[in-house]
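Chemist: coords please:
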Amino acid sequence: MSVIKEFKEFALKGSVVDLAVGIIIGGAFGKIVTSLVNDVVMPPIGVLLGGVDFSNLSITIKEGAGTAAAVTIKYGSFINNVIDFFIVALSIFLMIRGMNALRKKDMAPHAIADPTTKDCPECLMAIPLKAKKCGHCLTPLA
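Modeler: Next up is the predicted model:
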């Protein structure tokens, strides 16, 4: 099998395409969550804490000199990213929980119908339960 044919089979498998769609949707969802955290969640928290803008919080380790930038630890951005993570994790948890609930409904045990046939002990063919003789091999049944 040629390499090109193998690659084509691999790339067009449903699982690979599903993974690609998941990554694209996940990236878009990440942008939405980042906007939610930065533009909706953090401003009220900042107001409650005295007008603090978390994205600008940092500790300067070394001041910038000339063209060299200052060395800083941007813990405010880290706080925003941690909140991003928790919102994404909660959203995924709730989505998976909902999917599992739907799956459990689909996998509920169905009522099993009473059997209408039995196997002949001689030829092992299916025969009606009330049969007194096998219709295939004519064996008398008890």
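Chemist: from the chain's centre, how far out does stretch 64-76 sit?
Modeler: Distance, stretch centre to chain centre, for stretch 64-76: 39 Å (Cα atoms, centre = their mean, to the nearest Å).
Chemist: what's in contact with it?
Modeler: Taking contacts as Cβ atoms under 8 Å, 6 or more residues apart in numbering, the residues outside stretch 64-76 that touch it are 53-63. Glycine gets a C-beta too; all of them are placed from N, C-alpha and C.
Chemist: which residues does C120 contact?
Modeler: 126-127, 134, 136-137, 139, 141.
Chemist: From I87, how far out is the most centrally placed residue in the chain?
Modeler: The centre of the chain sits closest to I96, judged by Cα atoms, centre = their mean, with a distance of 5.8 Å. I96 is 15 Å from I87, where distance means Cβ to Cβ, to the nearest Å.
Chemist: For this structure, which segments count as strands?
Modeler: Secondary structure of the chain, counting by DSSP state E: strands at 59-62, 71-73, 117-119, 126-128.
Chemist: can I get those in a markdown table with distance to V47, mean neighbour count and mean pLDDT?
Modeler: Shown next, in a markdown table, are these (distance: least, Cβ to Cβ, whole Å; neighbours: other Cβ atoms under 10 Å; pLDDT from 0 to 100):
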| stretch | distance to V47 | mean neighbour count | mean pLDDT |
| --- | --- | --- | --- |
| strand 59-62 | 23 | 10 | 91 |
| strand 71-73 | 24 | 12 | 92 |
| strand 117-119 | 75 | 12 | 90 |
| strand 126-128 | 76 | 14 | 90 |
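Chemist: which two in the contacts of C120 are spaced the farthest apart?
Modeler: Every pair in the contacts of C120 was compared (Cβ to Cβ); the two farthest apart turn out to be A126 and T139, at 13.6 Å.
Chemist: circling back: generate a ChimeraX selection restricted to the buried subset of the contacts of C120.
Modeler: Listed next is the ChimeraX selection for buried residues among the contacts of C120, using 16 or more other Cβ atoms under 10 Å:
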select :127,134
